[in-house]
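S.K.: Here's my sequence, what's the structure:
(chains A and B)
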Amino acid sequence: MITINKLSKQYNGTSVLDIEHLEIQKGQAIGLVGNNGAGKTTLFSLLLDLIQPSTGHIISSDVRIDQSEDWKPFTSAFIDESFLIGYLTPEEYFYFIGELRGQNKADIDALIASYSDFFNGEAVGQKKYLRDLSKGNQKKVGIIASLIGNPRVVILDEPFANLDPSTQIRLKKIIKELANDPEVTVLVSSHDLIHVTEVAQRVVLLEKGKVVKDIEKSSATFKELEDYFIGISESHAPVAVTTEEEEEEEE
Amino acid sequence: MIKQFLHLEWKSFIRSAAFKQNLAIKILMGFGALYFIAIFGLLGGFSYLIIEGLIEDGKIISDNPFDVVNQFLIYWIFADIAYRYMLQKMPVANIKPLLYLPFKKGKIVNYALGKTVLSFFNFLPAFFFIPFSVVLIIKGYSITGVISWHLAMLFITLATNFLNVFMNNVDKVFYPVIAVMAALGLSQYYGIFDITLYTGSMFMFFYENAWAFIIPLLLLIGTVYYAYHYFEKQLYLDEGLKSVAQEATTEDLSFLDRFGKLSTYLKNDIKLIKRNKRAKMTFFMGFAFVLYGLFFMQDLYADINGMKVFAGLFCTGGFLFSFGGLVPSWDSSYYKLMMAQNIPYREFLLSKWWLMVAATVISTLLCSFYIYFGWDWWFGILAGAVYNIGFNSSVVLWGGAFVKTPIDLMTTKKAFGDSKAFNAKTLLLLLPKLVLPVVIYYAFALTINETAGFIAIATTGILGLLFRNKIFDLIEDIYKNEKYDTIAAYAQKD
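M.R.: Prediction:
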């Protein structure tokens, strides 16, 4: 489904991402973990052709992402609030995305209704523009919008951050459903190892731009990841000089 | 403590995005400031002599120049209030992080208010009043009187500064003030009621009574006191520091669905204009250009036919230039979304194009009153309109492709001074927009006749319409080439 080949990204000579080869099978749910500056958001931005790779490329369903735009109809994402149109109400935003993805108003209304428990009476139907919603509610809207139009690749950057506990539980349910769909490939990043190991079928650990671990999830995965990060925090290697770009990446 | 505050201030100044702009613009702004200082200084130094001369010539009826200045001071003060309101920023932005730190609230307020005193707006008047006062003393006015008058002016200037603190963001106060000022000016002009007779003697009072500067001093103390308490009350996250949320209104725009795929973007663009301060202002400013042609009605331009072409371009193209020149920056805050969605550039651009065409047609209709000034004006406007619709609408989008300034849709403060929006390429594209039609006009008007000139401009416009798709191909390529740079530029915050 998605093949990453010799992919790297450098800013002013500093490498922020360097992946020799990574293959993601169709229908898999991938959890991406790593400390700040590990390159998670950089990888997602490359998957969406928002930045240009320094070397290498990504192929998604036979489409080379930096050369063709044909990946757009089957890929959707929520990375940050720059994916939201602040002056629209959540409903208008859903309709807009829906129209871009060939859905009619009735489809969208049905979708909103089916996720009413996720919104929990907030966010939708409130006479508020997206810019005036709280961060958590904005995030809910962004996540649901990324499910519009039956995308085959769904990319969610830190979807659990800023969400209240109930919504986190509901979101885990939603992602698991997507993960169980053999047609849908999901990529989720998170700093919360419990969430990641719960929803993902495979966990990729990035450290300073490189793939350090790539494990099929099992009952031992959480312990393995935790031990790895404990190891890092205890050894606390001398602080690497982070460039401005890296800091921005992880904002 | 104050040292740390100043330290913060210095860093916020040198690290601001605006400061990092290119050197040329900084130098230009520096010259702008110097220009104003020079103008005010010269006015201060010479206005006494100039007015004296005018009185001798009988153009102004008055006893002495000082009276004249005192009479018009009331308009000076109104104008001061007006441009402060529009341009002077309030120092609330950096306050939030200070709230959690162990400062007394009073200190933060003092600091924020103290900062407003250092504004350029408070220093500029000094460049007028100091030389003027010196001239008064040289001309033999009483020294104590002049000092009292001068102090009064200083205190009034500072009082308007603090008045602005609590007047800011209160449109209810501002617009009546402007209306009253305009009404007074008009009634004085037509000799109905002359307020300056009363206010003139009021300002004279400060001169005649050496103690009288106490009155504006008390006024100043009053405004400082009020501003202090107003500001202190605002220092809560749910008071002054809160961003005000509008209640969302949804409108039915489904009638636009007849435009097919375009309607998706058209609906969005209309909401963009309706719901965002900055876009709304650009929209109204665009239509205000309809009146711009009146400037060309002066005798000075009456015989220059090229001016009619200019007038035609500006009157009908106000919205086109002001809005179109900033495509795609209007969508900057969610540009990543647009780039990750399946959006063909052409449809995205066509939606903006149709908006501009519609606005140009409406402006042209609004311009029909120019027929009153003569049919040749009307022909100039029609020719300009056709040129705008056919040719400029595409060229403007072309220029926009190079503009990489993110737009903050919610503020209007920077609407006048977005210097980053000007770069060499956009300036170069002014040539086909404004200069080319004038050249075309003269090429035909001088060789054949005036009508041929107008027809030639309109024909160029129609040609542009025929080649629109070709120009759009070109723009699409630019968009694709600039995509990553544009995304990166829009991600930068001030």
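
S.K.: Spell out which parts of chain A neighbour chain B.
M.R.: Neighbours of chain B within chain A, by C-beta under 8 Å from any C-beta of the partner chain: A:48-52, A:69, A:72-73, A:75-77, A:79-80, A:82-89, A:91-92, A:96-97, A:99-101, A:126-129, A:131-132, A:248. Quick note: C-beta positions are derived from backbone N, CA and C, even for glycine.

S.K.: Got the confidence number for residue 196?
M.R.: By default, I'm working from chain A. Residue A:196 is assigned 92 on the pLDDT scale.

S.K.: wrong chain, I was asking about chain B
M.R.: Per-residue pLDDT puts residue B:196 at 77.

S.K.: For the spatially closest residue to it that is not a sequence neighbour, list the residues it contacts.
M.R.: Using C-beta to C-beta, 6 or more residues apart in numbering or on different chains and skipping residues adjacent in sequence, the residue nearest residue B:196 is residue B:71, 3.9 Å away. Applying C-beta atoms under 8 Å, 6 or more residues apart in numbering or on different chains to residue B:71 gives the contacts B:62, B:196-197, B:199-200.

S.K.: Could you turn the buried ones of those into a ChimeraX selection?
M.R.: Buried members of the contacts of residue B:71, defined by 16 or more other C-beta atoms under 10 Å in any protein chain shown, are picked up in ChimeraX with:
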select /B:62,196,199,200
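
S.K.: now, among the contacts of residue B:71, which is nearest to residue A:139?
M.R.: Minimum distance to residue A:139 across those is 57.5 Å, recorded for residue B:199 (C-beta to C-beta).

S.K.: Just list the residues touching the closest residue to that closest one other than its chain neighbours, thanks.
M.R.: By the measure of C-beta to C-beta, 6+ apart, the closest residue to residue B:199 outside its immediate chain neighbours is residue B:74, 4.1 Å from it. Neighbouring residues of residue B:74 by C-beta under 8 Å, 6+ apart: B:184, B:195-196, B:199-200, B:203.

S.K.: Could you dump those residues into a markdown table with secondary structure added?
M.R.: Output for the contacts of residue B:74, formatted as a markdown table (DSSP: H, G, I helix; E, B strand; the rest coil):
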| residue | secondary structure |
| --- | --- |
| B:184 | helix |
| B:195 | coil |
| B:196 | helix |
| B:199 | helix |
| B:200 | helix |
| B:203 | helix |
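
S.K.: The residues of chain A next to chain B in helices, which ones?
M.R.: If you go by DSSP state H, the residues of chain A next to chain B have A:91-92, A:96-97, A:99-100, A:248 in helices.

S.K.: so can I have a markdown table of those showing neighbour count and distance to residue A:190?
M.R.: A markdown table is the format used below for these (neighbours: other C-beta atoms under 10 Å in any protein chain shown; distance: C-beta to C-beta, whole Å):
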| residue | neighbour count | distance to residue A:190 |
| --- | --- | --- |
| A:91 | 19 | 28 |
| A:92 | 20 | 29 |
| A:96 | 22 | 28 |
| A:97 | 24 | 23 |
| A:99 | 21 | 31 |
| A:100 | 20 | 27 |
| A:248 | 14 | 20 |
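
S.K.: In those, which has the lowest confidence score?
M.R.: residue A:248 (44).

S.K.: which stretches of the stretch 151-251 of chain A aren't confidently modelled?
M.R.: In the prediction, the stretch 151-251 of chain A carries residues with pLDDT under 70 at positions A:236-251.

S.K.: just the helices in it please.
M.R.: Counting by DSSP state H, counting those that start in this stretch, the stretch 151-251 of chain A has helices at residues A:165-180, A:193-199, A:221-235, A:244-249.

S.K.: Run through the residues of chain B sitting next to chain A.
M.R.: Residues of chain B lying close to chain A by C-beta under 8 Å from any C-beta are B:243, B:245-250, B:264, B:267-268, B:271-272, B:275-276, B:333-337, B:339-343, B:409-410, B:484, B:487-488, B:490-491.

S.K.: now those: which count as buried?
M.R.: Among these, those scoring as buried are B:248, B:264, B:267-268, B:271-272, B:275-276, B:333-337, B:339-343, B:409, B:484, B:487, B:490-491 (criterion: 16+ other C-beta under 10 Å).

S.K.: Of those, which belong to helices?
M.R.: Residues of these located in helices (DSSP H): B:264, B:267-268, B:271-272, B:275, B:335-337, B:339-340, B:484, B:487, B:490-491.
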